[in-house]
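# Kindly return the folded structure for what I paste below:
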Amino acid sequence: MEITFLGTSSGVPTRSRNVSSVALRLPQRGEIWLFDCGEGTQHQFLRSDFKASQIRRIFITHMHGDHIFGLMGLLASCGLAGNPQQKVDIYGPPKLNDYLQACRRYSQTHFSFPIKVHTVKPGLVYEDDEFQVSCALLEHRVPAHGYRVDEKNRPGRFDVKRARALGIVPGPIYGKLKNGEVVTLPDGRRINGKDLCGPTLVGRSLAYCTDTVFCDRAVDLAQGVDVLIHEATFAHQDAEMAYQRLHSTSTMAAQTALLAQAKRLIMTHFSPRYAPGNQIQLSDMLAEAQAIFPNTMMARDFDTYAINRQEQAAVMAS
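Numbers count the residues shown, from 1 in each chain. Presented below is the predicted three-dimensional model:
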């Protein structure tokens, strides 16, 4: 389970930062889930080791251009590179489907693979055997949703040697025991699979909150997550501007992480006004956030953050 930042600027791209997009790679499934798709996202794919054919789900927070202007181009390119593209499910605000239909109609674009658009509302958005995704309405100038991904707990490692020592013959029964089920053997013995498994593997979790000013719903959405990705458009000194535009400061992001008891905060969506050489720089914003929530990091384009499920540890690499 790896997070890669494909765009970390707000509003407009800069020479070193593209606009918003975050890729969640699920190696065990060979899938990529995308959160937001700002202009140029497909170019960021070309600069990474991702394959667009692995995209299975795209979650859009809101309808501002720096979060959706890359969506149509990416979808139009999928399936054209010689790799078969499977169905893509897209989740987002009510007007998202209208936007995509208009783009297809006026550009006369035909997708060579099925696409399904799901209109989200607060609560459960998606669930399967391994994951569930929920969302909450944040506080921005247009309807904007934050998303949370929870990986479900799994039984611990199955002790094959112990099972064999108990005279349990390998076969379909092993699968039931691995799942922690109670099974009855042919000789009448009842075996609890949990007794043959190690400690439960606790599922990982992340929350993605942008665009929003500080709000309680973001705190609730991010409760206890391993990673909170939160926008930090402005420095604390520019808090008045943040309130006017309904964006967050670095200190608001840190306060959200602190109140949510998140394990780690990664800030993104930075205003270009804090470029090197200016009076306030991104390093100052990082210091502001760390004064409130020490376990804070500042994302750069192509940074990858991996959470190890067994150890519940994480590493950032460029």
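# need the contact list for residue 77.
Neighbouring residues of residue 77 by CB atoms under 8 Å, 6 or more residues apart in numbering: 42, 52. For every residue, glycine as well, the C-beta is placed using N, CA and C.
# Let me know the secondary structure of residue 218.
Following DSSP: H, G, I helix; E, B strand; the rest coil, residue 218 is assigned to helix.
# burial measure for it, as a count.
The tally of other residues near residue 218 (other CB atoms under 10 Å) stands at 29.
# same question, residue 156
Neighbours of residue 156 (other CB under 10 Å): 16.
# ok, now which ones touch residue 130?
29, 151-152.
# Show the contacting residues for the closest residue in space to residue 247 that isn't next to it in sequence.
Nearest non-adjacent residue to residue 247, counting by CB to CB, 6 or more residues apart in numbering: residue 233, 3.9 Å away. Applying CB under 8 Å, 6+ apart to residue 233 gives the contacts 10, 211, 242, 245, 247-249, 269-271.
# Break the protein down into its domains, please.
The record's domain parsing of the chain by automatic domain parsing lists 2-154+201-317, 160-196.
# same question for the last one, mean pLDDT?
For domain 160-196, the mean pLDDT works out to 87.
# Buried residues in that domain, which are they?
163, 168, 173-174, 177-178, 180, 183, 191, 193, 196 (16 or more other CB atoms under 10 Å).
# Now compare those residues and name the two farthest from each other.
Pairwise distances across those (CB to CB) peak at 14.8 Å, for the pair 168 and 180.
# And the helices in the stretch 51-200 of the chain?
65-68, 71-77, 96-107, 160-165, 172-178 (DSSP state H, counting those that start in this stretch).
# Please pull out the lowest mean pLDDT helix or strand from this structure.
strand 313-317 (a mean of 46; mean pLDDT, DSSP states H and E).
# which ones are touching residue 45?
6, 51-52, 74.
# all strands in the stretch 201-318 of the chain, in order from the N-terminus.
Using DSSP state E, counting those that start in this stretch, the strands found in the stretch 201-318 of the chain span residues 205-209, 227-231, 265-268, 296-298, 304-308, 313-317.
# Quick one: mean pLDDT for the fifth one?
Read that as strand 304-308. pLDDT averaged over strand 304-308 gives 87.
# what about the helix or strand hosting residue 5, average pLDDT?
Following DSSP states H and E, one finds residue 5 within strand 2-7. For strand 2-7, mean pLDDT rounds to 97.
# angle of the next helix-or-strand element following that strand against strand 227-231?
Later in the chain than strand 2-7, the nearest helix or strand by DSSP H and E is strand 21-26. Taking axes from the mean of the first three to the mean of the last three CA atoms, to 10 degrees, one finds strand 21-26 and strand 227-231 inclined to each other by 170 degrees.
# Give me the sheet partners of strand 21-26 and which way each runs.
Strand pairing for strand 21-26, determined by DSSP bridges: strand 2-7 (antiparallel), strand 31-35 (antiparallel).
# Okay then, goodbye and thanks.
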